[in-house]
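Enquirer: All I have is the shape, not the residue letters:
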C-alpha cells in the first residue's frame, strides 16, 4: 500500500493554456474522487468515479473541466483554457468498495497545486 | 442536505494544554462524520470517524471526538497538545449518496512552547 499519488505536485501555467493532472489511487480501490481546495477553504467535491464510470459531477465542474478513468485504475483531470480563478490545490482520493459506502474512509493524495498566471 | 460549521478559524494553545476544536453539523439523514488533519503542502489524513457506532470515537495521535445528536456537534479534543499537532483541521460529513465529503472551512491549530 503505497498511498494515493498525484503528478505533478506543482504546476504553473499561463492563462488560456490547458493542463492535465494525474492521480494513481491505492491499488484495488475502485472508488476515486477529485476535490478542489482554494486558499483558506476546505476541499470542495468535483467528481466521483466507481471503476471507470463517472457517476457524479459537481456544479463546480464547468465545461472546461474533464475527468477520466479509462481502465478503472489511474485518473486524469484536464482543465482547458485555464483562468486565474482555477488556481487551487487539486486533491485526489480513493476508497475501497464496502457494503456501507457512507462510512468508507477516503484516502487523500498530496495534491497538485496549480498556479495560473 | 448536509453541511458542517467549524467555529473558530484559528485556535492557539500552549504545549500540554487541552485542545478543543468545534464542529457542528446539519444533516437530513443520520450523519457520518469525519475529522481530517492537513499539514502544510500535504494532503489530508484521517484522524477519526463516526459511523453510527460508539458516540465517543478515538483516533490517531491521541485525538478523540464525541458525537452529540442533541447538540448536533462532533467536537475534536486532545488532552495535551504537542508541538507536532500544529496543522489545519477539517471536519466533514458524507453526503447522502456516500459519494462526496462536505468539508467545513477548517481550523488552524497553533501550539506554542
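Expert: Yes, it's here. Worth saying up front: this structure is predicted, and the values here are computed from it rather than measured.

Enquirer: For the rest of this, base every contact and every neighbour count on C-alpha atoms.
Expert: OK.

Enquirer: can you map out the strands along chain B?
Expert: B:3-7, B:10-14, B:19-26, B:33-38, B:44-50, B:56-58, B:64-68, B:73-78, B:87-94, B:101-103, B:107-112 (DSSP state E).

Enquirer: and chain A, which residues reach chain B?
Expert: Contact residues, chain A versus chain B (CA under 8 Å from any CA of the partner chain): A:33, A:40-45, A:48, A:56, A:91, A:101-103, A:105, A:107-111.

Enquirer: now do 6 Å
Expert: A:41, A:42, A:101, A:102, A:103, A:108, A:109, A:110, A:111 (CA under 6 Å from any CA of the partner chain).

Enquirer: Using the three-state scheme, assign the first one.
Expert: By that I understand residue A:41. Following DSSP: H, G, I helix; E, B strand; the rest coil, we place residue A:41 in the coil state.

Enquirer: Residue B:94 versus the residue most central in space within chain A, what's the distance?
Expert: Centroid-nearest residue in chain A: residue A:34, 2.9 Å away (criterion: CA atoms, centre = their mean). Noted for residue A:34: a distance of 14 Å to residue B:94, by CA to CA, to the nearest Å.

Enquirer: Same question for residue B:45.
Expert: 16 Å.

Enquirer: Look up which residues are beta-bridged to the residue most central in space within chain B.
Expert: The centroid of chain B falls nearest to residue B:35 when counting by CA atoms, centre = their mean (3.6 Å). Using DSSP bridges, the bridge partners assigned to residue B:35 are residue B:48, residue B:91.

Enquirer: tell me, how many neighbours does the residue lying closest to residue A:110 once chain neighbours are set aside end up with?
Expert: Take residue A:110 and drop its neighbours on the chain: the residue closest to it by CA to CA, 6 or more residues apart in numbering or on different chains is residue B:43, 4.0 Å away. The number of residues packed around residue B:43, counting by other CA atoms under 10 Å in any protein chain shown, is 21.

Enquirer: Residue B:43 contacts residue A:109, correct?
Expert: Yes - using CA atoms under 6 Å, residue B:43 is in contact with residue A:109, at 5.3 Å.

Enquirer: one step back: mind listing what the residue nearest to the centre of chain A touches?
Expert: The contact partners of residue A:34, by CA atoms under 6 Å, 6 or more residues apart in numbering or on different chains, come to A:46, A:47, A:91, A:92.

Enquirer: Test for you: state the pLDDT assigned to the closest residue to residue B:18 other than its chain neighbours.
Expert: Excluding the flanking residues, the one nearest residue B:18 by CA to CA, 6+ apart is residue B:79, at 4.6 Å. On the pLDDT scale, residue B:79 is placed at 97.

Enquirer: So residue B:79 versus chain A, what's the distance?
Expert: From residue B:79 across to chain A, the span is 25 Å (CA to the nearest CA, to the nearest Å).

Enquirer: re the thing from before, most surrounded residue in the residues of chain A next to chain B?
Expert: For these, neighbours tallied by other CA under 10 Å; top is residue A:111, 30 neighbours.
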